[in-house]
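**Student:** Next one to model:
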Amino acid sequence: MMVTIGRVLVVALGMGVAACSGGDRSYYPQLPGAFWRYGVTVKTTELTRHSKYTVLGLAPVRVDGRVLARTRVNDALVYLFDTTDTGIYRVGARNAGAAETGLAAVPALELPVPAAPGARWTQGTVTAVLEATVDPFRRKYRLQEPVEMQYVISSTSDEVVVPAGRFRDCLRVTGTGRGYFKGDKTIFPSAIAIEQTDWYAPGVGLVRSQRVETTTSKVLPRGEYERVLEVFEP
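**Tutor:** As a prediction, this is how the structure comes out:
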């Protein structure tokens, strides 16, 4: 989940109710030329960091006989997406400016189609916000362990308020994962738990994402990640 935390993508109408006309009305719209900017907050055991996360919709491209949507993230990575009868999949990634490459061996499901309450799926992730300064040499330590997440669509009627505006009829995706770290010379073995919630607005995309990672380790007990939509330019 660069580790992608959650899924991505979003109409800035002040604090009024967001509304779109025409275009792609799905929860994960493919909008070439659109621009999304998110504010990101990461809280670890020692500090809080703030940053920006940007997404630019690119023109679609044909790869292996398929027409794929594309986005550029943080001017650094280009993601490729394929929409099928069963879902929207991230099927490739490359550094911005690099030549197009082959598709991923295992596509990553972003959202199922149809996106209906009760829909469930699994997707692998990696812990990303479990950090601490350890040992007498004050070494920065970051736990990056694979965890399989179980996702479910919990609602299609949430209302979400973020800096970009107020969004109604949002899709809420809830994810939970459990893993185990076998330990190393720095950290004892510990259980890992991840809780994540993502909200998507129709015709817009991701408007908010919250994630909490915890362990039973006293060194790396907790980390939090939040992404909220600040600006959208169609």
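
**Student:** which intervals of this protein have sub-threshold pLDDT?
**Tutor:** When residues are selected by pLDDT under 70, those of the chain lie in 1-24, 100-102, 136-137.

**Student:** Let's see that with 80 instead.
**Tutor:** Applying pLDDT under 80 to the chain flags the ranges 1-25, 97-105, 135-139.

**Student:** how about the strands in it?
**Tutor:** In the chain, the segments counted as strands under DSSP state E are 35-43, 48-63, 66-73, 77-83, 87-95, 108-112, 120-126, 130-134, 139-143, 146-162, 165-181, 190-201, 205-215, 222-233.

**Student:** The third one packs against which elements?
**Tutor:** Helices and strands in packing contact with strand 66-73 are listed as strand 48-63, strand 77-83; criterion 3 or more Cβ pairs under 8 Å, 6 or more residues apart in numbering; DSSP states H and E. To be clear about C-beta, it is placed using only N, CA and C from the backbone, and glycine gets the same treatment.

**Student:** which parts of the longest one are buried?
**Tutor:** Of the residues in strand 48-63, those buried by neighbour count under the rule 16 or more other Cβ atoms under 10 Å are 53, 54, 55, 56, 57, 58, 63.

**Student:** For beta bridges, what are the partners of residue 111?
**Tutor:** Here residue 111 sits in beta bridges with residue 88, as judged by DSSP bridges.

**Student:** so how many other residues sit close to it?
**Tutor:** For residue 111, the count of nearby residues is 24 (other Cβ atoms under 10 Å).

**Student:** if I read this right, it contacts residue 200, doesn't it?
**Tutor:** Yes - taking contact to mean Cβ atoms under 8 Å, the distance of 7.3 Å between residue 111 and residue 200 places them in contact.

**Student:** Overlap in contacts, those two.
**Tutor:** When contacts are counted by Cβ atoms under 8 Å, 6 or more residues apart in numbering, the set common to residue 111 and residue 200 consists of 7, 27, 28, 171, 173.

**Student:** What separation do you get for residue 179 and residue 126?
**Tutor:** 10 Å (Cβ to Cβ, to the nearest Å).

**Student:** Which of these two has more residues huddled nearby?
**Tutor:** residue 179 (19 against 15).

**Student:** and the more buried one, what does it touch?
**Tutor:** When contacts are counted by Cβ under 8 Å, 6+ apart, residue 179 is found next to 127, 145, 146, 147, 148, 191, 192, 193, 194.

**Student:** try residue 210
**Tutor:** The contact partners of residue 210, by Cβ under 8 Å, 6+ apart, come to 196, 197, 198, 224, 225, 226.

**Student:** For those residues, which entry has the maximal number of neighbours?
**Tutor:** For those, neighbours were counted using other Cβ under 10 Å, and residue 198 has the most, 25 neighbours in all.

**Student:** any idea how far residue 51 is from that residue?
**Tutor:** 18 Å.

**Student:** Residue 84 touches residue 111, doesn't it?
**Tutor:** No - counting by Cβ under 8 Å, no contact exists between residue 84 and residue 111, whose distance comes to 11.6 Å.
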